[in-house]
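Novice: I'll drop the sequence and a predicted model, then ask my questions.
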Amino acid sequence: MPRYLIVPLVLCVIGLVMLAYGVWARAGRTPRARRWLTDTSTSRYTGIDLLTLITAPGFGLALCWYGVLMALDMTDPPTGANLIPLAALLVSTVAAAGAWLRVRVPDALYPGWARTIRAEQRRSRP
């Protein structure tokens, strides 16, 4: 393998791992995959749902795209395809800042199983 392909390959692998985590957590098929929503160890809002639903997949997509662009050695002027990872990076960065500032995720962005759990949690609050 040529040495110049190592960095793009590492970026793509890290991005794919982040995307896989986002898909796995969003599917929520096992109790472990749902832990990001059902962890009630603290009563404060932690922002982990924003990181899980938006930031990790956004960063993963951006890293994969940048890895592919680096591997193809895109030296041409920016086109629409080159701006896709920039948009994904911008959205995920804003989401990460929102998690840091404790911005809540709208209910429409949660998967169906998470909406029912959140509704039960709201009903059981004092």
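Specialist: Arrived safely, thanks for sending. Just so it is clear, the model here is predicted, and its values are computed rather than measured. Numbering: from 1, shown residues only.
Novice: residue ranges with poor pLDDT in this protein?
Specialist: 1-3, 39-46, 73-82, 98-100, 102, 126 (pLDDT under 70).
Novice: what ranges does it have for its helices?
Specialist: In the chain, the segments counted as helices under DSSP state H are 6-27, 35-38, 48-50, 56-72, 80-100, 112-124.
Novice: off-centre distance for the longest one?
Specialist: I take that to be helix 6-27. Mean C-alpha position of helix 6-27 versus that of the full chain (Cα atoms, centre = their mean, to the nearest Å) differs by 9 Å.
Novice: that older thread, would a markdown table of the helices of the chain with distance to Pro106 and mean neighbour count be doable?
Specialist: From N, CA and C alone the C-beta is placed, and that goes for glycine too. Formatted as a markdown table, the helices of the chain follow (distance: least, Cβ to Cβ, whole Å; neighbours: other Cβ atoms under 10 Å):
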| stretch | distance to Pro106 | mean neighbour count |
| --- | --- | --- |
| helix 6-27 | 15 | 16 |
| helix 35-38 | 15 | 16 |
| helix 48-50 | 10 | 19 |
| helix 56-72 | 16 | 20 |
| helix 80-100 | 11 | 15 |
| helix 112-124 | 11 | 12 |
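Novice: OK, contacts around the spatially closest residue to Val10 that is not a sequence neighbour?
Specialist: Closest residue to Val10 apart from its sequence neighbours, by Cβ to Cβ, 6 or more residues apart in numbering: Gly67 at 7.6 Å. Listed by Cβ atoms under 8 Å, 6 or more residues apart in numbering, the contact partners of Gly67 are 7-12, 15.
Novice: need those residues in TSV (columns: distance to Asp107).
Specialist: Formatted as TSV, those follow (distance: Cβ to Cβ, whole Å):
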residue	distance to Asp107
Val7	39
Pro8	38
Leu9	38
Val10	36
Leu11	33
Cys12	33
Gly15	28
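Novice: distance between the ends of stretch 51-61?
Specialist: 14 Å (Cα to Cα, to the nearest Å).
Novice: cool, thanks, talk later.
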